[in-house]
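Chemist: Sequence first, predicted model second:
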Amino acid sequence: MKLYALLNIFLCFSGIALAQSPENPATIEYGSKNLTLDQPFLISVVLRDVETRPSVIFPEIKDLEKRSKSATSSVSTVDGRKVVIQTITQEYYARKAGNYLIPEFTLTVNNQRLRSEETMVVFAKTGEADESALADDVAVTEVDDNSQSVFLSVQTDKKQVYIRQGFAVRISLYIAENAPVQMEFYRFNEQLQAILKAVRPVNCWEENIGVEELIRRKVTIRGRKYAEYNMYQARLFPITTEDIVLPSVKLDMLVTESGGAVNVEKKLVKGFYSRPVTVVVRQLPDHPLRDQVAVGQYSLKERLSSDLVYPGESVRYMFKVEGVGNIAAIPAPVIQASSSFDIYPPERSQVIRRSYQNVVGEMTFDYFVVPRKDGEFPLSRYFHWIYFDVEKQKYDTLTSAASLEVRGDDYKLANLSLSGSSGLYDNLENLDSSRMAIDYKEILKDLTNILIVLLLITMVWVFRK
């Protein structure tokens, strides 16, 4: 009888505990499992309610080559609560078509062990795909010929940018496959911190992809095969018109050389130097908002919760800017004041995907609009967003194409004041802020905790009897 009662208490306790348990804050997710040779297989770690992006080292998978990594962050507001989702994604490429078994593996993220089941991925041939598809032809300006078997390179994808326009920075060590020496990294973490301190410019906004491990990647430079060890990659956005100077940096390697005697080897430390790189920063053309506008390539998506309302009835308007650029620094649209509307400050949400190639994403502004009189109102009169288009090299404007129809009589403020409010903030001074709002979620949580305590007391009582 005691065992039966104890079992019931345990099951009830487990059910309540599971009901209270939050959604798993970290998960492993796969991308598409049917791919062609020019497409990557993606493994992602998704973290919820984590402000800081953690370090994640993805597994080595037999016969698949690790490539680029990207990081996406999403920040939004749901029921007044800030929701943050971080997604870190690793790319894997196959060298030939076939079926590849992805074995079971575990990752440790923020002191939490994540486990993934094994799965099968299929890579199919494309019309012209072969093994050379993975042998990238890398343009490295730091080497003029093929005489250097080993060299350190600081690369940028642009030599000239506008202020607030992004450019990529990549630091890599290249070792030729037929290099006549053997070498290994020497005090690497200590050296890397010194290199980054020297290279990172203070007048730039940095979007860092994050390199937690040295990945060996096969590349081809002017017909010669190399192994690339990427140490750092990021996109930088200059915030002043001062030119960006990336100085020459040094990386020491432990080199093994054969002595004169047979089977006698000697290890010595040898330094490899990069060439300095300069990125010229240009000022934007004259414009009243030159120092405020975003720089990049953008487009507009918008949505009205209803295109037909009555005076005093609120409508929700979404103004979403998406594209390529420094998404996190996008300013809000310029709003034209009007006696026809109450337009309240927007709620912001953003999604940013960071990779070596680009920073892309979207910034959403959600407005509450309350019309005060009837009529047909094109929202282009009230909402527009000016930016500098780097491709067209001129200013452009994203203008609303939506239209709001308002039916009804004009506001009679004197009459409305007797029965209601004409705006969201009217009569704010008359509200009693001392009255506490009822938090039903908190009450339910307290009741659940009380029930758990009662169950524990009952369980102790059963044992004592």
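Modeler: Cool, the structure landed.

Chemist: CA atoms for contacts and neighbours, from now on please.
Modeler: Will do.

Chemist: show me where the stretch 51-200 of the chain has strands.
Modeler: 64-78, 81-94, 98-102, 105-109, 112-116, 119-124, 136-137, 150-156, 160-162, 167-176, 182-185 (DSSP state E, counting those that start in this stretch).

Chemist: Quick one: list the elements packing against the longest one.
Modeler: Read it as strand 64-78. Under the contact definition 3 or more Cα pairs under 8 Å, 6 or more residues apart in numbering; DSSP states H and E, strand 64-78 sits against strand 81-94, strand 216-221, strand 347-354.

Chemist: go again using 7 Å as the cut-off
Modeler: On a contact count with 3 or more Cα pairs under 7 Å, 6 or more residues apart in numbering; DSSP states H and E, strand 64-78 meets strand 81-94, strand 347-354.

Chemist: For Tyr186, list the residues it contacts.
Modeler: 252-254 (Cα atoms under 7 Å, 6 or more residues apart in numbering).

Chemist: Could you dump the helices and strands packed on strand 64-78 into TSV with mean neighbour count and distance to Tyr317 added?
Modeler: Converted to TSV, the helices and strands packed on strand 64-78 look like this (neighbours: other Cα atoms under 10 Å; distance: least, Cα to Cα, whole Å):
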stretch	mean neighbour count	distance to Tyr317
strand 81-94	19	20
strand 347-354	19	11
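
Chemist: For those strands, give me a markdown table that also has mean pLDDT and distance to Arg200.
Modeler: Shown next, in a markdown table, are those (pLDDT from 0 to 100; distance: least, Cα to Cα, whole Å):
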| stretch | mean pLDDT | distance to Arg200 |
| --- | --- | --- |
| strand 81-94 | 89 | 23 |
| strand 347-354 | 92 | 18 |
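
Chemist: Relative to Ser314, which of the contacts of Tyr186 is nearest.
Modeler: Using Cα to Cα, Asp252 is the member of the contacts of Tyr186 that sits closest to Ser314, with 64.9 Å.

Chemist: Could you check how far the closest one is from Pro346?
Modeler: Distance, Asp252 to Pro346, by Cα to Cα, to the nearest Å: 52 Å.

Chemist: same question, Arg224
Modeler: Taken as Cα to Cα, the span from Arg224 to Pro346 is 55 Å.

Chemist: and what of Ala179?
Modeler: 59 Å.

Chemist: which one of these two has more residues nearby?
Modeler: Using other Cα atoms under 10 Å, the more surrounded residue of Ala179 and Pro346 is Pro346, with 18 against 12.

Chemist: Now do the more buried one, the pLDDT please.
Modeler: If you check Pro346, the pLDDT there is 91.

Chemist: ok, now Ser149?
Modeler: In this prediction, Ser149 has a pLDDT value of 86.

Chemist: Then Val138?
Modeler: 54.

Chemist: same thing with the one 4 residues further on?
Modeler: Here the pLDDT value assigned to Glu142 is 54.

Chemist: try Asp426
Modeler: 49.

Chemist: same deal with the one 4 residues further on?
Modeler: In the predicted model, Asn430 carries a pLDDT score of 50.

Chemist: swap in Asp79?
Modeler: According to the model, Asp79 carries a pLDDT of 69.

Chemist: that older thread, which one, of the helices and strands packed on strand 64-78, ends up nearest to Ser340?
Modeler: Closest among the helices and strands packed on strand 64-78, using Cα to Cα: strand 347-354, at 21.5 Å.

Chemist: Would you give the sheet partners of the closest one, along with the direction of each?
Modeler: According to DSSP bridges, strand 347-354 forms sheet pairs with strand 64-78 (antiparallel), strand 359-371 (antiparallel).

Chemist: if I pick the nearest residue to Ala329 once chain neighbours are set aside, what's in contact with it?
Modeler: In this structure, Ala329 finds its nearest non-sequential neighbour in Ala294, 7.5 Å apart by Cα to Cα, 6 or more residues apart in numbering. Applying Cα under 7 Å, 6+ apart, we find Ala294 in contact with 330, 387-388.

Chemist: repeat that with 10 Å
Modeler: 163-165, 325-327, 329-331, 385-389, 395 (Cα atoms under 10 Å, 6 or more residues apart in numbering).

Chemist: Farthest pair within those?
Modeler: Ile163 and Trp385 (18.5 Å).

Chemist: What separation do you get for Leu444 and Val453?
Modeler: 14 Å.

Chemist: Which parts of the stretch 151-300 of the chain are helices?
Modeler: 188-199 (DSSP state H, counting those that start in this stretch).

Chemist: what stretches of it score poorly on pLDDT?
Modeler: Across the stretch 151-300 of the chain, the ranges flagged by pLDDT under 70 are 258-265.

Chemist: make it 80
Modeler: Applying pLDDT under 80 to the stretch 151-300 of the chain flags the ranges 180-181, 209-213, 257-266.

Chemist: Give me the nearest residue to Thr241, chain neighbours excluded.
Modeler: Per Cα to Cα, 6+ apart, closest to Thr241 is Val281, 5.3 Å.

Chemist: again with Glu29
Modeler: The nearest residue in space to Glu29 (Cα to Cα, 6+ apart) is Ser44, at 5.1 Å.

Chemist: one step back: which of Ile163 and Trp385 has more neighbours?
Modeler: The neighbour count for Ile163 versus Trp385, taken as other Cα under 10 Å, is higher for Ile163 (22 against 19).

Chemist: Specify the beta-bridge partners of the residue sitting nearest the centre point of the chain.
Modeler: For the chain, the residue nearest the mean C-alpha position is Thr72 (2.3 Å; Cα atoms, centre = their mean). Thr72 has the following beta-bridge partners by DSSP bridges: Thr87, Arg353.

Chemist: Next up, the contacts around it.
Modeler: Contacts of Thr72 by Cα under 10 Å, 6+ apart are 46, 53, 85-89, 209, 351-355, 359-361.

Chemist: per-domain residue ranges of the protein.
Modeler: Per automatic domain parsing, the structural domains of the chain span 1-21+440-465, 31-131, 135-283, 294-411.

Chemist: is it true that Gln283 touches Arg290?
Modeler: Yes - with contact defined as Cα atoms under 10 Å, Gln283 reaches Arg290; the gap is 8.9 Å.

Chemist: Tell me which of the strands paired with strand 347-354 lies nearest to Ser274.
Modeler: Closest among those, using Cα to Cα: strand 64-78, at 22.4 Å.

Chemist: from memory Tyr356 sits against Gln233, does it?
Modeler: Yes - applying Cα under 10 Å as the test, Tyr356 and Gln233 come out as touching, 6.3 Å apart.

Chemist: List the buried residues for stretch 387-397?
Modeler: 387-390, 395 (16 or more other Cα atoms under 10 Å).

Chemist: And stretch 398-411, by the same measure?
Modeler: 398-400, 404-406, 411.

Chemist: next one: stretch 330-339
Modeler: 330, 332-333.

Chemist: coming back round to it: among the contacts of Ala294, which are located in strands?
Modeler: Assigned to strands by DSSP state E, the following of the contacts of Ala294 qualify: 325, 385-389, 395.

Chemist: Tell me, how many residues neighbour Arg95?
Modeler: 18.

Chemist: For Leu42, see how far away it is.
Modeler: 15 Å.

Chemist: Brilliant, that's me finished.
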